[in-house]
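>>> structure for this input, please:
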Amino acid sequence: MRKRSTATLLAALVVGSLCAGAPGPRAEAAESGVGIRPSAASSQGAPGVDLDTVTIPELQARMADGSLTSSALTTAYLRRIETINPKINAVLRTDPTALRQAAASDARHRDGDIRGPLDGIPVLLKDNVNTRDMATTAGSLALAGGPPGTDAALVTRLRAAGAVILGKTNLSEWANFRAAKPTSGWSGVGGQTNNPYVLDRNPCGSSSGSAAALAASLAQVAIGTETDGSIVCPAGMNGVVGHKPSLGLVSRAGVVPISAEQDTAGPMARNVTDAALTLAVLSGGDTSRPGDAVGLSGLRGKRIGLWRLPSLGPEVDAVMTRTAQRLRDAGAEVVEVTPPYQQRLAELEFPALLSEFHRDIDAYLATRDGPRDLAELIEFNSAHPAERTCFAGQELFEQALAAPPVTDPEYRANRAELRDLSRRSIDETMATHRLDAIASPTNPPAWTTDCARGDNDVIPSSTPAAVAGYPSLSVPAGSVGQLPVGLLLMAGDHEDAALLSLGAAVERRLHAWRPPRYLPSVGPDASP
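Purely as a prediction, here's the structure:
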């Protein structure tokens, strides 16, 4: 029951403003002519729409008055993919039925029978989310044969809401759970995804293609997945919004797994309003009948705990200092905090994930053509040189194969301790300081992509919420040189709606989003 009420509140949070014709979180930009204006997109089939800044409520208002169609919008995104995707390699494939889906939405709009705010809105899916009519590979050649037999549950909901499934995005192969030193954004199927801000920099993993595609305005929204950091880190590093929902709020059925104890899909967007609308659909909210709008809260009187994480470097810390001051100027109280138990969480999480991955990937592979279990998957990688063109290792697969089963008493004790300490790390911090949310840097500046070295991604901020199953939300906070840095907000269990409302207020205040410039490289001082 709580899950349903959360989804309904999410729908009311943003859809009420759409039904009333009120502007969304980028109201000031739209009113000044920045949010909707003639742009390069106008020559690509979507007249008067700036794909970089337009929000779903603004698009639906245009569709309602007949000045825009889903077919025109979908065509604009498909042409933008043709033009820009070769630079960043974020979209693996487009859905050949996308324009037919858009035409069906246009018919519903003409008949006054729209299914909600996502009707006619182009959505990209991370390529570990099952689609019955397109390949779903998790980036691996082992799954590059026929598509799955059924859609993931979240895809069924998107289709029912009238969303246009535009295509699939590249990812870190097997969601970055294969090698000890992987390179985020690389997969055997898709090659390397590049960061749109600086092309030789990394997009972070594993929802790298989804985040990079959004930064480049290749779709209105995208779906990512996270076990620990794989939505929020790419969102931060690519300057977009990413929401990791509370565990269980979005069905994980039909999503290639790492761990049922931590895995969740979630929305990624260029603004919080679009993320909240998408989450309402993914979680089963009735977006067609939102009831009374909750409205966007302001920052006055909110208490936010700032977890600085100086290990991410002085430039990131300076962004956090500026962010804290801007939030204080808007009336929020910002206090510095350090959530407890982080070292113990770091010690326990990885061994638990190894056992869970073995159980869950075996169950998933049994539903697909190709390797039938983890042992066969290891053999496949050893026999296919194309799976080793960036990095050769599959140490995590091998360790998972040898890990204790989930029936092992030590594993069960460790997972119970993980769950307890991760929740206490957030709950106790919030209670002690009477907080509405905990904030921290989402990411360091993007590192240079290097297959030989692998990632430079020890980023602890995502772990407490990921292990606890609590929600987290990354919004753009600023930049170090040309490279975006996000602000990660965390809250208690199933407090997704309140967190998104707070995130919208933070987004308004920081106004930190900037379009990417697709620079080939930058000097060494701009990033570690």
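>>> separation between the residue of the chain most remote from its centre and Ala213?
In the chain, counting by Cα atoms, centre = their mean, Pro409 sits farthest out from the average C-alpha position, at 34.0 Å. Taking Cβ to Cβ, to the nearest Å as the criterion, Pro409 is separated from Ala213 by 44 Å. Bear in mind the C-beta positions are built from the backbone N, C-alpha and C, glycine included.
>>> ok, Thr225 next?
Thr225 sits 15 Å away from Ala213, going by Cβ to Cβ.
>>> pLDDT on stretch 412-424, on average?
Stretch 412-424 comes out with an average pLDDT of 98.
>>> can you list contacts of that stretch?
261, 340-341, 344-345, 348-349, 351-352, 406, 463-470, 493 (Cβ atoms under 8 Å, 6 or more residues apart in numbering).
>>> ok so, going back, looking at Thr225 and Ala213, which is more packed in?
Neighbours per residue (other Cβ atoms under 10 Å) separate Thr225 from Ala213, with Ala213 holding more: 34 against 28.
>>> so where's this protein shaky on pLDDT?
Scanning the chain with the threshold set as pLDDT under 70 gives 1-45, 286-297, 524-528.
>>> apply 80 and report the result again.
For the chain, the stretches flagged by pLDDT under 80 are 1-47, 285-297, 457-458, 523-528.
>>> is it true that Arg517 touches Asn195?
No: using Cβ atoms under 8 Å, Arg517 is not in contact with Asn195, being 11.0 Å away.
>>> which stretches in the stretch 251-400 of the chain count as strands?
For the stretch 251-400 of the chain, strands defined by DSSP state E, counting those that start in this stretch occupy the ranges 264-269, 303-306, 333-336.
>>> show me what the second one is packed against.
It refers to strand 303-306. Contacts defined by 3 or more Cβ pairs under 8 Å, 6 or more residues apart in numbering; DSSP states H and E place strand 303-306 against helix 314-329, strand 333-336, helix 409-433, strand 437-441.
>>> what do you get for the first one?
Applying 3+ Cβ pairs under 8 Å, 6+ apart, one finds that strand 264-269 makes contact with helix 208-215, strand 221-226, strand 241-244, helix 272-282.
>>> how about the helices in the stretch 101-250 of the chain?
Using DSSP state H, counting those that start in this stretch, the helices assigned to the stretch 101-250 of the chain run over residues 153-160, 173-176, 208-215, 232-237.
>>> would you mark the buried spots in the last one?
Residues of helix 232-237 classed as buried: 232-237 (neighbour count, 16 or more other Cβ atoms under 10 Å).
>>> got the CA coordinates for that helix in CSV?
Provided in CSV are the C-alpha atoms of helix 232-237 (Å, rounded to 0.1, in the frame of the first residue of the first chain):
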residue,chain,number,x,y,z
VAL,A,232,23.7,8.7,-9.9
CYS,A,233,27.4,8.7,-10.9
PRO,A,234,26.7,8.8,-14.7
ALA,A,235,24.1,11.5,-14.0
GLY,A,236,26.6,13.6,-12.1
MET,A,237,29.4,13.1,-14.5
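>>> just to check, Ala46 is in contact with Ala72?
Yes: at 4.9 Å, Ala46 counts as touching Ala72 under the criterion of Cβ under 8 Å.
>>> ok, these two, which is more surrounded?
Using other Cβ under 10 Å as the criterion, Ala46 and Ala72 rank with Ala46 on top: 25 against 20.
>>> quick one: secondary structure of that one?
Classification of Ala46 by DSSP: H, G, I helix; E, B strand; the rest coil places it in coil.
>>> the chain should start at 16 in everything you say after this.
Sure, I'll start counting at 16 from here, so that last one is Ala61.
>>> tabulate the helices and strands packed on strand 279-284 (a markdown table), appending distance to Met78.
Listed next are the helices and strands packed on strand 279-284 as a markdown table, based on distance: least, Cβ to Cβ, whole Å:
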| stretch | distance to Met78 |
| --- | --- |
| helix 223-230 | 21 |
| strand 236-241 | 16 |
| strand 256-259 | 22 |
| helix 287-297 | 14 |
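>>> and Leu156, which of these is closest to it?
helix 223-230 (16.7 Å; Cβ to Cβ).
>>> now the closest one - C-alpha only, PDB.
Extracted C-alpha coordinates of helix 223-230, given in PDB (Å, rounded to 0.1, in the frame of the first residue of the first chain):
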ATOM      1  CA  SER A 223      26.800   5.600 -19.100                       C
ATOM      2  CA  GLY A 224      25.000   5.500 -22.400                       C
ATOM      3  CA  SER A 225      21.700   6.700 -20.800                       C
ATOM      4  CA  ALA A 226      23.400   9.700 -19.100                       C
ATOM      5  CA  ALA A 227      25.500  10.700 -22.100                       C
ATOM      6  CA  ALA A 228      22.500  10.400 -24.500                       C
ATOM      7  CA  LEU A 229      20.500  12.800 -22.200                       C
ATOM      8  CA  ALA A 230      23.400  15.200 -21.900                       C
END
